[in-house]
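Undergrad: From the sequence below, what's the structure:
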Amino acid sequence: MAHHFFAMLSRMKYINRWALMRNTRPENLSEHSLEVSAIAHALAVLSNERFGTKLNAERTALIGLYHDMPEIITGDMPTPIKYGSDELRTAYKAVERQAAESLVSLLPADLQGTYRRYFVKQAEDAEEWRLVKAADKISALIKCIEEEKAGNTEFLGAKRSLEALIHGMNCPAAECFLQEFIGSYQLNLDELQQKD
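TA: Residues are numbered from 1 along each chain as shown. A predicted model of the protein is given here:
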């Protein structure tokens, strides 16, 4: 019997983000998910090394990798619409859950339980999910920085909102990432290759 989960996963590259914003370079869901995965892993490592937590960094990375996969079915709904009211937020969460279950059902039965944990928050993974949320916001901030660097002022408001949102998350690892890594996204390739 053929199972379609991974073929559906490959369709993430067709879902463009930031649909309501003028982009100098489009960003697809596949690119975003890879970046969130890497940042989420870094946040878990920072948290473990600097703040004494015992988080599973690899699991955090995998949650980051799959965190937006339901958007293959739902599309990327713009944040102002998705969170425009409590009713919309609740309805969209229900749609996301249903989309996640639909995707998990594309796996063989014996794999579904393992993969479901990457789509549905479990109590024991709450802190890993929180770091993925912070990584998701940091990835969006990076997109804003890249657009600003390219001369596009369309993302300036989003950039300010995201910076405030990240600072308001009370996430020490995210603050470390902002202090130590985010400035590099302003640099060009030659500057990135220079040694201090």
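Undergrad: can you pull the pLDDT of Met1?
TA: We note a pLDDT of 83 for Met1 in this prediction.
Undergrad: Where does pLDDT dip in the protein?
TA: 196 (pLDDT under 70).
Undergrad: which residues of it fall in helices?
TA: 5-9, 29-51, 57-66, 71-74, 79-82, 86-104, 109-116, 126-149, 156-167, 172-180, 189-193 (DSSP state H).
Undergrad: Reformat those as CSV; add distance to Leu20 and mean neighbour count.
TA: Yep, even glycine has a C-beta here, placed from its N, CA and C like the rest. Formatted as CSV, the helices of the chain follow (distance: least, CB to CB, whole Å; neighbours: other CB atoms under 10 Å):
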stretch, distance to Leu20, mean neighbour count
helix 5-9, 25, 13
helix 29-51, 16, 20
helix 57-66, 24, 22
helix 71-74, 15, 18
helix 79-82, 8, 13
helix 86-104, 15, 14
helix 109-116, 31, 12
helix 126-149, 13, 21
helix 156-167, 10, 15
helix 172-180, 26, 17
helix 189-193, 30, 8
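Undergrad: Verify the contact between Ser37 and Leu65 for me.
TA: Yes. At 4.1 Å, Ser37 counts as touching Leu65 under the criterion of CB atoms under 8 Å.
Undergrad: what about the helices of the chain, which gets the closest to Asn23?
TA: helix 126-149 (6.7 Å; CB to CB).
Undergrad: ok now that closest one, how far from the chain's centre?
TA: Helix 126-149 sits 6 Å away from the centroid of its parent chain (CA atoms, centre = their mean, to the nearest Å).
Undergrad: Turn the helices of the chain into TSV, columns for distance to Arg17.
TA: Compiled in TSV, the helices of the chain are given as follows (distance: least, CB to CB, whole Å):
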stretch	distance to Arg17
helix 5-9	17
helix 29-51	6
helix 57-66	15
helix 71-74	9
helix 79-82	10
helix 86-104	16
helix 109-116	23
helix 126-149	8
helix 156-167	12
helix 172-180	20
helix 189-193	24
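Undergrad: Ile163 - nearest residue in space that isn't next to it in sequence?
TA: Actually, residue 163 is Glu rather than Ile. The shortest distance from Glu163 to any non-neighbouring residue, by CB to CB, 6 or more residues apart in numbering, is to Leu141 (6.6 Å).
Undergrad: if I look at the residue nearest the centre of the chain, how far off is Leu156?
TA: By CA atoms, centre = their mean, the chain has its centre lying nearest to Asp136, at 3.0 Å. Counting by CB to CB, to the nearest Å, the gap between Asp136 and Leu156 amounts to 20 Å.
Undergrad: same deal with Ala42?
TA: 26 Å.
Undergrad: coming back round to it: mind checking which of the helices of the chain is nearest Arg22?
TA: helix 126-149 (8.7 Å).
Undergrad: Quick one: list the elements packing against the closest one.
TA: Counting by 3 or more CB pairs under 8 Å, 6 or more residues apart in numbering; DSSP states H and E, the packing neighbours recorded for helix 126-149 are helix 29-51, helix 57-66, helix 156-167, helix 172-180.
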